[in-house]
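>>> requesting a structural model of the entry that follows:
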Amino acid sequence: MNITRSKTAPKEPAPRQRRKQARPQELLDAALALFVDKGFAATRAEEVAQRAGVSKGTLYLYYPSKEELFKAVVRQTLGALIAEGIELVDQFEGSSADLLGCLIHIWWERFGNTPAAGIHKVVVAEVRNFPELAQFYSDEVIVPADRMFGNCIQRGIERGEFRPMPLHEAAHSLMAPLLFMVLCRHSLGCCNICGGVEVDPELMLKTHIDLVLRGLEVRPSAAAP
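Numbers count the residues shown, from 1 in each chain. Okay, here's the model as predicted:
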């Protein structure tokens with residue numbers, strides 16, 4: 001006797017279950033918007049919960065404090081992106097110049113040119129009053145970003161594409177104009193100011209990369225024995 005077993009497609013989660021699965025992201029989105037708009041200190045947990053459409057108690061089930069909520073926002077918007085960048089440096093098969101340009105453009109497209117970039121202004125303005133968050137931001141963002149760009153420059157030096165230079169200082173020199181654009185966009189750029197405040201992001205990136213690569217290139221005198 002043959003028994004035929006019918007294959008049924010897996011059931012989709014019920015609407016309530018889907019809502020529960022989406023809730024952490026909804027809370028992070030609400031928190032990001034409020035942190036950028038009002039700052040860390042002025043944002044209240046009740047406001048985040050209300051914006052996400054949940055109770056304050058539900059918020060604390062996922063994130064037990066406002067500090068933990070802020071850390072989760074930073075990890076999602078910056079930590080994950082930098083981790084991908086470090087992996088890209090390890091796996092990239094092209095020239096170090098192409099890799100450097102790729103890292104800078106990806107950073108701008110996925111962070112600098114998004115609402116999440118406003119989190120950097122919040123950090124600069126407020127972490128002095130929150131030492132724990134300052135250390136967290138250093139551990140989760142500044143140090144890994146320094147390592148990402150430093151590894152890229154070290155790669156170029158080892159391959160004879162870049163001239164030797166201090167990696168830490170070079171990495172910070174790479175990041176500084178990017179952070180300047182972000183700070184301007186979320187401070188002076190929010191005001192109706194006429195003058196030299198606004199810059200073309202694409203032209204700025206192109207100019208920055210050109211200046212950096214000319215500074216990193218091996219010079220004839222350095223290549224001579």
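>>> spell out the residue ranges of the helices in this structure.
15-38, 45-52, 56-62, 66-74, 80-91, 96-107, 118-126, 131-137, 143-158, 167-185, 201-216, 220-223 (DSSP state H).
>>> out of those, which gets the lowest mean score?
In terms of mean pLDDT, the lowest-scoring of the helices of the chain is helix 220-223 (a mean of 60).
>>> a markdown table please, covering the helices of the chain and showing mean neighbour count.
Where you see a C-beta, it was placed from the backbone N, CA and C, and this is true even at glycine. Below are the helices of the chain laid out as a markdown table (neighbours: other C-beta atoms under 10 Å):
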| stretch | mean neighbour count |
| --- | --- |
| helix 15-38 | 16 |
| helix 45-52 | 18 |
| helix 56-62 | 14 |
| helix 66-74 | 20 |
| helix 80-91 | 15 |
| helix 96-107 | 19 |
| helix 118-126 | 20 |
| helix 131-137 | 15 |
| helix 143-158 | 20 |
| helix 167-185 | 17 |
| helix 201-216 | 15 |
| helix 220-223 | 8 |
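>>> contacting residues for the spatially most central residue of the chain?
Closest residue to the average C-alpha location of the chain: L78 at 2.8 Å, with C-alpha atoms, centre = their mean. L78 makes contacts with F111, A116, I119, E140, V141, as judged by C-beta atoms under 8 Å, 6 or more residues apart in numbering.
>>> which of these lies closest to I104?
F111 (11.1 Å; C-beta to C-beta).
>>> measure the closest one to M175 for me?
Distance of F111 to M175, computed by C-beta to C-beta, to the nearest Å: 12 Å.
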